[in-house]
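Novice: let me see the structure of the following:
(chains A and B)
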Protein chains: 2
Amino acid sequence: MNRITSLFNIRYPVIQAGMVWNSGWKLASAVSNAGGLGLIGGGSMAPEIFREHVRQCKEATDKPFGVNIPLLYSHVDELIKITMEEGVEVVFTSAGNPKKYTAMLKEHGVKVVHVAANLKFALKSEEAGVDAVVAEGFEAGGHNGMEETTTMTLIPYIQDKITVPLIAAGGIGSGRAMLAAIALGADGVQIGSRFAVSVESSSHDDFKNKIVEIPDGGTKLTMKKVVPVRLIKNNFFREVEEMENAGASAEKLKEHLGKGRAKIGMFDGDLEEGELEIGQVSASINEIEPAATILKEIIDEFNRVSEVIGRMRFD
Amino acid sequence: MNRITSLFNIRYPVIQAGMVWNSGWKLASAVSNAGGLGLIGGGSMAPEIFREHVRQCKEATDKPFGVNIPLLYSHVDELIKITMEEGVEVVFTSAGNPKKYTAMLKEHGVKVVHVAANLKFALKSEEAGVDAVVAEGFEAGGHNGMEETTTMTLIPYIQDKITVPLIAAGGIGSGRAMLAAIALGADGVQIGSRFAVSVESSSHDDFKNKIVEIPDGGTKLTMKKVVPVRLIKNNFFREVEEMENAGASAEKLKEHLGKGRAKIGMFDGDLEEGELEIGQVSASINEIEPAATILKEIIDEFNRVSEVIGRMRFD
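Specialist: Numbers count the residues shown, from 1 in each chain, chains lettered A, B, ... in the order given. Predicted coordinates:
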């Protein structure tokens, strides 16, 4: 009845994004148990930690779940290997060339999805043989594309040009936004920020509380000379902004970034000196709730809004 | 049956944005005659030219129409005066403080709408007594907000906090996007780019043909140290980008901008040296059509999609 629910054999076409420092086995299994597709975020895990999360997730749910592997991550080969050894059924890849691993994973019976922020990479993903594409808009948290195309404009543009199922990401944290994404042409949605603020998210409580507080304009896409990343505006962000306004080079910015800023911010809870990756939809997130409650609220709202919208005609 | 159609006494809750160099009486009257609300874009008109457009529009349609007046425009007082002298029923104001003219216009029986890109100005507009608020997302063409909040995240965020009718703008050029905006909480939509590429738009044919050609990533928000503006990436844009990357000051950027760049680009058709203001949705615009055809396509698509979406439930 839906290309995403049947592809993954899940109840709701909702994927929980595999976010660094947020998406361990607790969050992924909670979402999968509640009827969505939970993803373990491999991008912040050393290989043996990653294996442990996969194993714990298999213990915690008998429902399908997957992993997210950013292809720019230094341990990517080992993570892919562990994925196959542990029999993970679904791999979302991002931030890199979808041609590199898709064929091999598919040969091992793994379902592969690639995250793209523009048409070029959506088409490349399709050519590589992926089972679905995530199109991620500018409003999404964390790393993002150079084109800055928003979900509203990206989804219909890509949907017109690909044939594999399309998952919308960026700015989606509610049932009405899920409905909007599906109206725009998506088959399902990937939700990050809202699940980052779940009880089961592995990020620091201070980070979650900060997200709950921030209003519109609380995040900004920055570090565009290096790799664009959407961050909460804190002291580190303002330092980077000042450097950028003064014309700092990519090298200087990388040097200032240093190592481990994302961990320092999101996992250790240093709200001023760390990288705090979250999407614009954070403005509308006002509560830390269990993942199952979040998913139920989203689906209930979707059903309510679809009933109202379904009665609307203009003539 | 809809707060926007009843507010303006129009058939469809679709407003054609009053865009500089695009929205003269021909476009505004064509949209109003087709059942939307056409707006004359006052921001690029000398006062007597503006008066002439208002008079021609009254000749060309007996349906409601309005004007857009950017409050940072040097002739704003004269334009407001002409608006009242000519008995224009609807004024959209933008780019400034909504408190300045709203009360006076309302006393003269004019319906007033203010364009906001963040919650602060949406609330200020409501306090000032406007009849409706336009919330405009980052993907919109031309001048834009500092917060960079996209339509997908801005609309539900603002809708939760205001009580006057809400019009969504930014990224909307189709019926499915209109439906998405209404699902997100808008009562109606304001459409710019799609009507900029109409037969009746007063901009240069070369500009229209350029819009039809550009893919995703063809525009970018730039000039952030001065006033953020979304432009097509041409030679002028690249010069500005280079200056910004090297840390140029607001003064240097203003000096490079000079005077009349928008006219040079959009009206005179200098595609390399002018400012070409258009939204991200331009990637999905592939044809120059009459305004009435555009409006009909949008409404027909809305009705088709609402029927499909209305049948969707997840349980």
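Novice: only C-alpha atoms from now on, for both contacts and neighbour counts.
Specialist: Noted.
Novice: what about the strands in chain A?
Specialist: In chain A, the strands defined using DSSP state E lie at A:14-16, A:38-41, A:65-70, A:90-94, A:111-116, A:132-136, A:142-143, A:166-169, A:188-191, A:219-222, A:229-232.
Novice: and the longest helix for chain A?
Specialist: Longest helix in chain A by number of residues (criterion: DSSP state H): helix A:291-310.
Novice: so is that helix next to chain B?
Specialist: Yes - Helix A:291-310 reaches chain B (CA under 8 Å from any CA of the partner chain) through A:299, A:302, A:303, A:305, A:306, A:307, A:308, A:309, A:310.
Novice: can I get the strands of chain A in CSV including distance to chain B, mean pLDDT and mean neighbour count?
Specialist: Formatted as CSV, those follow (distance: least, CA to the nearest CA, whole Å; pLDDT from 0 to 100; neighbours: other CA atoms under 10 Å in any protein chain shown):
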stretch, distance to chain B, mean pLDDT, mean neighbour count
strand A:14-16, 11, 98, 27
strand A:38-41, 18, 98, 30
strand A:65-70, 19, 98, 28
strand A:90-94, 19, 97, 25
strand A:111-116, 13, 98, 25
strand A:132-136, 12, 98, 27
strand A:142-143, 15, 96, 22
strand A:166-169, 11, 98, 29
strand A:188-191, 12, 98, 26
strand A:219-222, 8, 98, 26
strand A:229-232, 11, 98, 26
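Novice: any chance of those in a markdown table, with distance to residue A:23 too?
Specialist: A markdown table is the format used below for the strands of chain A (distance: least, CA to CA, whole Å):
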| stretch | distance to residue A:23 |
| --- | --- |
| strand A:14-16 | 9 |
| strand A:38-41 | 5 |
| strand A:65-70 | 9 |
| strand A:90-94 | 13 |
| strand A:111-116 | 17 |
| strand A:132-136 | 18 |
| strand A:142-143 | 13 |
| strand A:166-169 | 16 |
| strand A:188-191 | 12 |
| strand A:219-222 | 20 |
| strand A:229-232 | 18 |
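Novice: quick check on the nearest residue to residue A:124 once chain neighbours are set aside: phi, psi?
Specialist: Among residues not flanking residue A:124 along the chain, residue A:98 sits closest, at 6.9 Å (CA to CA, 6 or more residues apart in numbering or on different chains). Phi and psi for residue A:98, reported as degrees, to the nearest 10, are phi -70, psi -20.
Novice: for residue A:98, give me its contacts.
Specialist: When contacts are counted by CA atoms under 8 Å, 6 or more residues apart in numbering or on different chains, residue A:98 touches A:114, A:121, A:124, A:125, A:128.
Novice: so what's the first one closest to, chain neighbours aside?
Specialist: Right, the one you point to is residue A:114. Nearest one to residue A:114, counting by CA to CA, 6+ apart, is residue A:93 at 4.8 Å.
Novice: of the residues of helix A:291-310 next to chain B, which is the most crowded?
Specialist: Among the residues of helix A:291-310 next to chain B, residue A:306 has the most neighbours (other CA atoms under 10 Å in any protein chain shown), with 25 neighbours.
Novice: so that residue sits right up against residue B:314, yeah?
Specialist: No - using CA atoms under 8 Å as the test, residue A:306 is too far from residue B:314 to be in contact (10.2 Å).
Novice: ok, back up a step: turn the residues of helix A:291-310 next to chain B into CSV, columns for distance to residue B:8.
Specialist: What follows is these, written out as CSV (distance: CA to CA, whole Å):
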residue, distance to residue B:8
A:299, 34
A:302, 30
A:303, 31
A:305, 25
A:306, 26
A:307, 26
A:308, 23
A:309, 22
A:310, 24
